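>>> Structure for the following, please:
(one chain, ligands or ions: 1)
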Amino acid sequence: MRQSINHLRKKMRDQEKIVCLTCYDAGFARIIDRLGIDVILVGDSLGMVVQGHESTLMVTIEQMVYHTRCVARVSQSAFIIADMPFASYNHPQQALETAVNLIQGGAHMVKLEGGTHLEAVIQYLAKAGIPVCAHLGLLPQSIYKIGAYRVQGKNPLDAKQIREDALCLEQAGADILILECVPRTLATEITETLKIPVIGIGAGMDCDGQILVLYDILGITTPMPKFAYNFLQDHNSIEQAIQQYAYAVKTKRFPSLEYSFE
Ligand code: KIV
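Okay, here's the model as predicted:
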């Protein structure tokens with residue numbers, strides 16, 4: 001049966017971890033789906049891991065729709081989130097057009113990066129019946145503004161901003177929040193405060209679920225981010241590695257302190 005936002009909310013209420021993984025093509029989508037992963041994110045990280053760019057900024061709407069279609073064509077059970085690419089949601093009407101393209105490409109939810117300045121965009125999408133995943137902490141689409149891929153929210157002022165952003169976006173109508181590369185105590189606090197599921201990547205083990213980039217858990221990425229683990233190194237097949245990732249998340253073995261930030 002197809003996972004829905006209701007299944008994810010129920011998992012959150014039952015304190016069952018939500019397992020998420022990025023995926024960009026049909027071959028991997030078939031495997032991931034068969035293994036019962038809850039959420040597939042067709043992430044714009046494809047710009048880096050598939051296309052070889054140094055950032056996610058070159059990814060276009062057409063490319064996101066193409067990869068979303070590849071995944072959605074074969075997936076039967078995962079809940080599919082697709083990234084709105086860089087500069088494709090600068091104002092509500094533009095965001096709606098991008099989101100419609102992705103939803104018609106097979107996504108069940110769209111994801112966008114940023115804080116309170118997205119309030120009107122999220123409200124507009126929510127009113128149009130489009131589920132939204134917000135993304136706070138490290139924002140890869142702002143890499144030229146941030147200067148480096150590093151932990152966010154370490155000082156009290158930045159942490160306060162992320163807390164305020166999270167509350168604002170939830171109130172605006174966001175259905176899920178992804179927190180990337182923030183201290184685990186901040187992620188715990190936000191997870192306890194929000195009513196929507198909070199999914200972490202480099203955000204400690206207390207989030208309602210975890211997401212990693214598929215190419216990271218298969219050890220393809222070099223260098224490997226500190227918060228990721230190559231699950232293929234201990235196993236003989238891609239299936240086993242993905243299964244082990246899911247098991248480690250569900251049993252709260254991953255991410256341990258070694259793969260989290262203080
Ligand atoms: O694009 C992506 O893969 C992402 C995850 C890192 C959360 O946004």
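
>>> Which residue would be the closest one in the protein to the ligand?
The ligand sits closest to Gly43 of the chain, with a gap of 2.4 Å, by CB to the nearest ligand atom. C-beta: built from backbone N, CA, C; applies to glycine.

>>> In this structure that residue contacts Thr22, no?
Yes. Assessed by CB atoms under 8 Å, Gly43 is found in contact with Thr22 at 4.3 Å.

>>> need the helices for the stretch 1-150 of the chain, in chain order.
Assigned by DSSP state H, counting those that start in this stretch, the stretch 1-150 of the chain shows helices spanning 5-13, 26-34, 46-49, 61-74, 92-104, 119-127, 143-146.

>>> For the second one, buried residues please.
When you say that, I think you mean helix 26-34. Using 16 or more other CB atoms under 10 Å as the test for burial, helix 26-34 gives Phe28, Ala29, Arg30, Ile31, Ile32, Asp33.

>>> nearest spatial neighbour of Met64, skipping sequence neighbours?
Leaving aside its sequence neighbours, Met64 sits nearest to Pro85 (CB to CB, 6 or more residues apart in numbering; 5.3 Å).

>>> was I right about that neighbour contacting Val65?
No. Using CB under 8 Å, Pro85 is not in contact with Val65, being 9.8 Å away.

>>> Pick out whichever of those two has more residues nearby.
For Pro85 versus Val65, the count of surrounding residues by other CB atoms under 10 Å is larger for Pro85: 24 against 21.

>>> hmm, back to that, can you put the buried residues of helix 26-34 in a markdown table and add distance to the ligand and pLDDT?
Formatted as a markdown table, the buried residues of helix 26-34 follow (distance: CB to the nearest ligand atom, whole Å; pLDDT from 0 to 100):
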| residue | distance to the ligand | pLDDT |
| --- | --- | --- |
| Phe28 | 13 | 98 |
| Ala29 | 14 | 98 |
| Arg30 | 19 | 98 |
| Ile31 | 17 | 98 |
| Ile32 | 14 | 98 |
| Asp33 | 18 | 97 |
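
>>> Are stretch 254-262 and the ligand in contact anywhere?
No. Figure legend: stretch 254-262 not in contact with the ligand (CB under 6 Å from any ligand atom); closest approach 13.7 Å.
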